[in-house]
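Undergrad: here's a sequence, model it:
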Amino acid sequence: MDNLANMEFSVEYTIYPPFIGLNEHGSTTTMKGVDFYLLIELSRQLNFTFRLINLTDNWYERLMANQSLVDIIIGGFHLNYERSKLYKNLYPYFMDQTSIMTRQSKNHESYQHDRLLDPFDDYIWLAILFSLILLPLWTLITVHCNSINSDSILDSCSIWLYILLKQNVLSRLKRESSPTIIVSAVWIWATFMLSNFYAGCLLSMISIPINNRIDSLQELSDYCQQEKNMVVLMENNTTTMKIVHMMADKPLFAPMIAHEQLVDQQTEAISLILDESMAKMNGKSYAFLQYYTILKIIQQSFSPIKHRLHVAKASEQSSIHTSPTCFLFRSQFSYVRQFDRITIQLFSSGIYQSWLDNEFRTARMYIFATTLIKKLSYRQDDGENNQNDDGNFNDDDDDDNDSFRHLTLSQLMICFHLYMMAMAMAILVAIVEFLWFKKKQKTKQKIVFVLIKLSD
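TA: Model (predicted):
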């Protein structure tokens, strides 16, 4: 029976874009979303009518208690074992994975002195310090074994420092013994490698944006362990929440449970993430676990700060589970086969995917138009009064969309301080060398004077 004329079904829905959403045109509100378009197409081909009922507060309790009072439930519901026992379901027309949404912090970084030590770990710094202690000892040993060159202790020690500062030491090495030249050659090779690695790391630190994104469950778990104020948001009574609670004894999920905060609706989680800059006054950062498609439409819907909302790519590393999306029917519903036949045709022909792509495209265009209107009004209202207006829309939450990050003074301070340290060391070496040379000159003059006296 493919003709369901004169039949009316009660349809409950929840607002979960891009599956179900609302279009507001002044005082008029209309429905939109891929599940709504699918329902209309089913109604058109099977010739039935439907009555919409909004499944708002306490939707989970109503879903579990009133399974026989409505005919169809739509709104991006994911099929799980618990629901499959209470409801019949439409052919799963979409597979979705969970993901992680976070808000990236701006790159206004304060200068930190310890970042000069970041390129190398503690073992390398200890090895360099040990070498600087060992090399003078080597000089003392060689001088002790060869008393003829005992006056070249400071000269030999200064060679190591000259090599470290990339100074020309060829003329000095000619006066040294063969063992010292061999050790100096090894030291030259080591300092060449270390200095180039160090310079490359410093260059990358100031030119490549720092990635504070959370792209996997392991990274989220690590953040929860490192930062006490990290909050993991999950919607109450969802499959994601139940799976995480089931895995609470696992090392990966235990830190998430310790930092979880349950919300009744995803709009609460979105508000907390968007207002994270205010929450950071209390040191709080948020991560929202939800299905990837829903998180992507949220990201698109807040396009002015889209690059600040980061959604991890749906993968095994970032996903807790994968669930099929479908309509739910009451257990006594008799027309599931007719619904399935049409749904499979729409899904296999790519029509459902085109609806989904159109929802993302519409969200981007709507926000683009809204942002453009704000830009024009901003220029018109403040263009005459704001002498520092550069023609760009000022938004505290907005930032440069490009992946390139302009260098700032706080970043260049690292190189500046490193340069000043090298200059100070070079000046110190120059002073010591000058005093030592002056002392040697006086000693030679005294010797010459004594020899002249003896000859007279």
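Undergrad: what sits against the nearest residue to Ile53 once chain neighbours are set aside?
TA: Distance criterion Cβ to Cβ, 6 or more residues apart in numbering; nearest residue to Ile53, sequence neighbours excluded, is Glu12 at 4.7 Å. Heads up, the C-betas are built off the backbone N, CA and C, glycines and all. By Cβ atoms under 8 Å, 6 or more residues apart in numbering, the residues touching Glu12 are 52-55, 70, 72-74.
Undergrad: using pLDDT, spot the least trustworthy of those residues.
TA: Taken together, those show their lowest pLDDT at Leu55, with 77.
Undergrad: my guess is it contacts Val11, does it?
TA: No - between Leu55 and Val11 there is no contact under Cβ atoms under 8 Å: 9.7 Å.
Undergrad: between the two, what contacts are shared?
TA: Ile73.
Undergrad: ok so, going back, quick one: what helix or strand has the residue nearest to Ile53 in it?
TA: Following DSSP states H and E, the helix or strand that holds Glu12 is strand 8-13.
Undergrad: picking that back up, the contacts of Glu12 in strands, which ones?
TA: Mapping the contacts of Glu12 onto strands (DSSP state E) picks out 52-54, 72-74.
Undergrad: what about the strand holding Glu12, average pLDDT?
TA: Per-region confidence: strand 8-13 scores 92 on mean pLDDT.
Undergrad: pairing partners for whatever helix or strand comes next after it, with directions?
TA: Following strand 8-13 in sequence order, the next helix or strand is strand 21-25 (DSSP H and E). Sheet pairing here is set by DSSP bridges, and for strand 21-25 it gives strand 28-32 (antiparallel).
Undergrad: the next helix or strand after the partner strand - what's its average pLDDT?
TA: Note on strand 28-32: by DSSP H and E, the next helix or strand toward the C-terminus is helix 34-46. Average pLDDT, helix 34-46: 93.
Undergrad: can I get stretch 96-106 in PDB, CA atoms only?
TA: Presented in PDB, the C-alpha positions along stretch 96-106 are these (Å, rounded to 0.1, in the frame of the first residue of the first chain):
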ATOM      1  CA  ASP A  96      27.800  10.100  11.800                       C
ATOM      2  CA  GLN A  97      30.800  10.100  14.100                       C
ATOM      3  CA  THR A  98      31.300  12.000  17.300                       C
ATOM      4  CA  SER A  99      34.000  14.700  17.400                       C
ATOM      5  CA  ILE A 100      35.300  17.500  19.600                       C
ATOM      6  CA  MET A 101      34.700  21.200  19.500                       C
ATOM      7  CA  THR A 102      36.900  23.700  21.300                       C
ATOM      8  CA  ARG A 103      37.500  27.400  21.000                       C
ATOM      9  CA  GLN A 104      41.000  28.400  20.100                       C
ATOM     10  CA  SER A 105      42.700  31.100  22.200                       C
ATOM     11  CA  LYS A 106      44.000  34.200  20.500                       C
END
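Undergrad: mind listing what's buried along that stretch?
TA: Neighbour-count burial for stretch 96-106 flags 96-104 (criterion: 16 or more other Cβ atoms under 10 Å).
Undergrad: next one: stretch 333-349
TA: 333, 335, 338-340, 342-343, 346-347.
Undergrad: any chance you could map the helices in the stretch 251-400 of the chain?
TA: Assigned by DSSP state H, counting those that start in this stretch, the stretch 251-400 of the chain shows helices spanning 254-258, 266-274, 276-279, 292-301, 336-348, 351-382.
Undergrad: for the ones you listed, give me TSV that also has distance to Met420 and mean pLDDT.
TA: TSV is the format used below for the helices of the stretch 251-400 of the chain (distance: least, Cβ to Cβ, whole Å; pLDDT from 0 to 100):
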stretch	distance to Met420	mean pLDDT
helix 254-258	42	92
helix 266-274	42	85
helix 276-279	35	58
helix 292-301	44	87
helix 336-348	66	91
helix 351-382	42	73
